[in-house]
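Student: pasting the sequence and the predicted model now:
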Amino acid sequence: MPRPEPFELSSEDLDLVADLTRPGFKDSAILTLDSLLTLMRLVKAEAGQAVATLPQLLALGLARGPAYLLTWLSFCIFAACGVYAVSGNNLVFGAATFFVLQLGLTLVLELKIRRLHERIDFPESRKGLAVLQAGLKERLRRERAS
């Protein structure tokens, strides 16, 4: 592979580069606003694409629920049948396996929901609001006392 020849600037090019000055405030402001405008156009285009995909996403989300339910029930039935066969055709053990799997899932979901409720309750904001209210009440009490 041949080596490229080294690139050399002519004296005229060097003079042009030397004459360049740093952009002023006006040029920087224009470049910044242009970049901001370009970014806003990009956000607008991407938001349009996101809004256009919402109906498909909603439909797939609604279809996913029954599919997950049927998959879970199939797994539970399969596990219960396996326990039934291993336990010498004891129906109680098979039914108990099915019940324990359902109970376990219910407990896991309940714990997750409780954790999410704690986040939704805005615990730190409530504490801050309580401190603000207490401070306001204290100020009002002082003003009434004086």
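Tutor: All right, it came through fine. On a predicted model such as this, the values are computed, not experimentally measured, just so you know.

Student: just list what the one helix or strand residue 30 maps to packs against, helices and strands only.
Tutor: Applying DSSP states H and E as the criterion places residue 30 in helix 25-86. When contacts are defined as 3 or more Cβ pairs under 8 Å, 6 or more residues apart in numbering; DSSP states H and E, helix 25-86 packs onto helix 91-120. The way it works is simple: take the backbone N, C-alpha and C, and place the C-beta from them, glycine included.

Student: buried residues in the helix or strand harbouring residue 131, which are they?
Tutor: Residue 131 belongs to helix 123-145 when assigned by DSSP H and E. Under the neighbour-count criterion of 16 or more other Cβ atoms under 10 Å, helix 123-145 has nothing buried.

Student: okay, the angle between the helix holding residue 30 and helix 91-120?
Tutor: Angular relation of helix 25-86 and helix 91-120 on a 0 to 180 degree scale: 160 degrees, by axes from the mean of the first three to the mean of the last three Cα atoms, to 10 degrees.

Student: now helix 25-86, how far from the chain's geometric center?
Tutor: Centroid separation between helix 25-86 and its chain, computed with Cα atoms, centre = their mean, to the nearest Å, is 10 Å.
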